[in-house]
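Asker: Fold the following, please.
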Amino acid sequence: MTQARGTHTTKRTWALALASVAALGYGCAAGADDQSTTSSSQGGNTGTSTTTFGDGQGGGGVGGFSGCAQFTKEANTAPAAMLIVLDKSASMTTAQKWGTAQLSIVAAIDNDQFNSMSLGLVTFPATYTPPPDCLCEAACGGPCDALCNSLFGQGVSCGTSALPQVALAPAGMEKSNQGGVRKSIYDYLVANAPLNNADDGSPIYDALNSGYSALKLYNIDKRILVLVTDGGFSCTSVAVPARSAYTDLNGCQDWEYPDSVNALIKGAHDDATKPVTTFIVGLPGSDSTGAKQGSYDTAPYHMRRALSSYAAAGSPETIDPGCDPPDATFDQAGGDPAVPCHIDLTQGAFDADKLASAIGAIRGKALGCVYDLPDPPPGESIDQSLVNVTITTNGTSTDLKKRADTSDPCETDGCWDYDADGKVILVGKACEDVVAASTSKVDIVVGCMTVVK
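Answerer: Next up is the predicted model:
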């Protein structure tokens, strides 16, 4: 077996403001009579929504539509599950990578924006396995099962778990110091350290496979897998069933073919009934090119190019269109990408804030800026020509205009529109501002004539 390879917390509040469909015009007269407060729970997230009933001309709106809204209700994007697949190989003990990953993951998932999501954790390698025959023969000069086992002690670090170490569950309101799945992830990260032996096995293919299986068994609208790794993709020499691979320095076929990994990731993305979007985060060490990193060997290709192709296979909708390679192809002779498609943290200083921010940004990229129209009061309906949108980012409110042309990217001013399913989408700068803000909310105001660009 080769020696393979080598708190920043933001808060985001989402709100919807619904106005009476009978109230017409921009900035109707204010006036409200009765108030009632109700509780709602969805996907494990319990929140409070305040409803204000008036005479059809009531207040409760926001921005330039402050005279129109009748009631305000908390809004969430579509229910989603995020499974973090975290590298726990021996090389993660170097350069404080494991400690940084611990802090980053907890800081990221404690963000309020994850309240409405389900979360889970897979780590790899999980166990030791018997050494492969090729490694024994290299050590002994021929077959030597008993001697080989004694030479390699507990085996090689290539085992994975069929189930997540922390099962997927709704996050709800409880943070990592309180209870629920966030605390389970925190407790696991504190209690478990990387398998610190000489071989540094990285059974990432099998860990991804287990992650996809867990997500597809979970009943939810949207599934997201986030791989956090410092490189590798080894242990192919003990794979069952066998897969072709590059040969390592011991003569074992142990380095994964990136094409095999891309096929696995793309297959999960293209699943017709339960697709999984995959994001790739490359930690320091994932910029190897085939030379040793410390005492660890590395795969015989540019790892940044491989990870970039995995990102293109896993989430083609969200990658930078100018990244390399944009079509999930891999070339062993290719060098580092000029613009990587994955989240590459190998360049510049690496700290917990950077990784936490990356995980938070993944949520925004995966879910987008898409919101359901609020449910109207009993017996009423929503006229889509009487809908407006206000966003508030870092305390500053902006009344958005609906774009008149679907080809308008709204790059400089931001706008909104309806998607094919009749949901409200923020476009261009509006979406970017909401995702990037430390605090933000989105208000959908119904009842005033739609303001169009």
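Asker: Got the confidence number for residue 10?
Answerer: Here the pLDDT value assigned to residue 10 is 31.
Asker: can you give me the strands in the stretch 301-450 of the chain?
Answerer: Using DSSP state E, counting those that start in this stretch, the strands of the stretch 301-450 of the chain run over residues 343-344, 370-371, 387-393, 396-400, 415-418, 424-427, 440-446.
Asker: could I get these as JSON lines with mean pLDDT and mean neighbour count?
Answerer: To be clear about C-beta, it is placed using only N, CA and C from the backbone, and glycine gets the same treatment. Shown next, in JSON lines, are these (pLDDT from 0 to 100; neighbours: other Cβ atoms under 10 Å):
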{"stretch": "strand 343-344", "mean pLDDT": "96", "mean neighbour count": "22"}
{"stretch": "strand 370-371", "mean pLDDT": "84", "mean neighbour count": "18"}
{"stretch": "strand 387-393", "mean pLDDT": "87", "mean neighbour count": "24"}
{"stretch": "strand 396-400", "mean pLDDT": "91", "mean neighbour count": "16"}
{"stretch": "strand 415-418", "mean pLDDT": "95", "mean neighbour count": "20"}
{"stretch": "strand 424-427", "mean pLDDT": "91", "mean neighbour count": "21"}
{"stretch": "strand 440-446", "mean pLDDT": "81", "mean neighbour count": "25"}
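Asker: and the closest residue to residue 204 other than its chain neighbours, how many neighbours does it have?
Answerer: Leaving aside its sequence neighbours, residue 204 sits nearest to residue 233 (Cβ to Cβ, 6 or more residues apart in numbering; 4.9 Å). If you count neighbours by other Cβ atoms under 10 Å, residue 233 ends up with 27.
Asker: How about the one 3 residues further on?
Answerer: For residue 236, the tally of surrounding residues (other Cβ under 10 Å) stands at 24.
Asker: what's the answer for residue 421, then?
Answerer: 8.
Asker: same thing with residue 249?
Answerer: 12.
Asker: For it, which three-state class applies?
Answerer: coil (DSSP: H, G, I helix; E, B strand; the rest coil).
Asker: Quick check: it touching residue 297?
Answerer: Yes - between residue 249 and residue 297 there is a contact under Cβ atoms under 8 Å: 5.7 Å.
Asker: And the helices in this structure?
Answerer: For the chain, the helices defined by DSSP state H cover 97-109, 133-140, 145-151, 180-191, 204-217, 258-269, 303-314, 352-367, 429-436.
Asker: Could you look over these and pick the most buried one?
Answerer: Comparing the helices of the chain by mean neighbour count (mean count of other Cβ atoms under 10 Å), helix 303-314 ranks first with a mean of 28.
Asker: Leaving out the residues flanking it, which one is nearest to residue 169?
Answerer: residue 181 (4.1 Å).
Asker: Could you check the pLDDT of the closest residue to residue 182 other than its chain neighbours?
Answerer: Here the nearest residue to residue 182 in space, its sequence neighbours aside, is residue 176; by Cβ to Cβ, 6+ apart that works out to 4.3 Å. Looking at residue 176, its pLDDT stands at 97.
Asker: can you redo the strands of the stretch 301-450 of the chain as TSV with distance to residue 314?
Answerer: What follows is these, written out as TSV (distance: least, Cβ to Cβ, whole Å):
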stretch	distance to residue 314
strand 343-344	12
strand 370-371	20
strand 387-393	29
strand 396-400	31
strand 415-418	27
strand 424-427	22
strand 440-446	27
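Asker: Which strand residues bridge residue 296?
Answerer: Beta bridges link residue 296 to residue 293, judged by DSSP bridges.
Asker: Sorry, slip of the keys, the one I care about is residue 282.
Answerer: Counting by DSSP bridges, the residues bridging with residue 282 are residue 229, residue 344.
Asker: who touches it in this structure?
Answerer: 229-231, 303-304, 307, 340, 342-346 (Cβ atoms under 8 Å, 6 or more residues apart in numbering).
Asker: ditto for residue 176
Answerer: Contacts for residue 176 (Cβ under 8 Å, 6+ apart) come out as 106, 109-110, 182-183, 185-186.
Asker: which one of these is nearest residue 432?
Answerer: Closest approach to residue 432 among the contacts of residue 176 (Cβ to Cβ): residue 109, at 22.7 Å.
Asker: doesn't residue 185 make contact with the closest one?
Answerer: Yes - applying Cβ under 8 Å, one finds residue 109 in contact with residue 185, separated by 6.6 Å.
Asker: Between these two, which contacts overlap?
Answerer: 119, 176.
Asker: Could you verify my assumption that the residue nearest to residue 204 touches residue 309?
Answerer: No - Residue 233 is not in contact with residue 309 according to Cβ under 8 Å; the separation is 11.8 Å.
Asker: Name the residues contacting each of these two.
Answerer: With Cβ under 8 Å, 6+ apart as the test, residue 233 and residue 309 both reach residue 258.
Asker: quick revisit: of the strands of the stretch 301-450 of the chain, which approaches residue 221 most closely?
Answerer: strand 370-371 (11.2 Å).
Asker: just checking, what packs against the closest one?
Answerer: In terms of contacts (3 or more Cβ pairs under 8 Å, 6 or more residues apart in numbering; DSSP states H and E), strand 370-371 is packed against strand 424-427.
Asker: which strands and helices sit next to the strand it packs on?
Answerer: strand 370-371, strand 387-393, strand 415-418.
Asker: Rebuild these as TSV, extending it with distance to residue 126.
Answerer: Converted to TSV, the helices and strands packed on strand 424-427 look like this (distance: least, Cβ to Cβ, whole Å):
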stretch	distance to residue 126
strand 370-371	36
strand 387-393	41
strand 415-418	45
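Asker: Nearest to residue 424 among those would be which one?
Answerer: strand 370-371 (4.7 Å).
Asker: roughly how far out does the closest one sit from the chain middle?
Answerer: On the basis of Cα atoms, centre = their mean, to the nearest Å, strand 370-371 sits 17 Å off its chain's mean C-alpha point.
Asker: Same question for stretch 309-322.
Answerer: Stretch 309-322 sits 13 Å away from the centroid of its parent chain (Cα atoms, centre = their mean).
Asker: Output that stretch as CSV - backbone C-alpha positions only.
Answerer: Output of stretch 309-322 as CSV, limited to C-alpha atoms (Å, rounded to 0.1, in the frame of the first residue of the first chain):
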residue,chain,number,x,y,z
SER,A,309,-13.0,18.0,-13.0
TYR,A,310,-14.9,16.4,-10.1
ALA,A,311,-16.5,19.8,-9.3
ALA,A,312,-17.6,20.2,-13.0
ALA,A,313,-19.2,16.7,-12.9
GLY,A,314,-20.9,17.3,-9.6
SER,A,315,-22.4,20.8,-10.0
PRO,A,316,-22.1,22.0,-13.6
GLU,A,317,-24.9,24.6,-12.9
THR,A,318,-22.9,26.5,-10.3
ILE,A,319,-19.3,26.4,-11.5
ASP,A,320,-17.6,29.5,-13.0
PRO,A,321,-18.2,29.1,-16.8
GLY,A,322,-14.6,30.2,-17.3
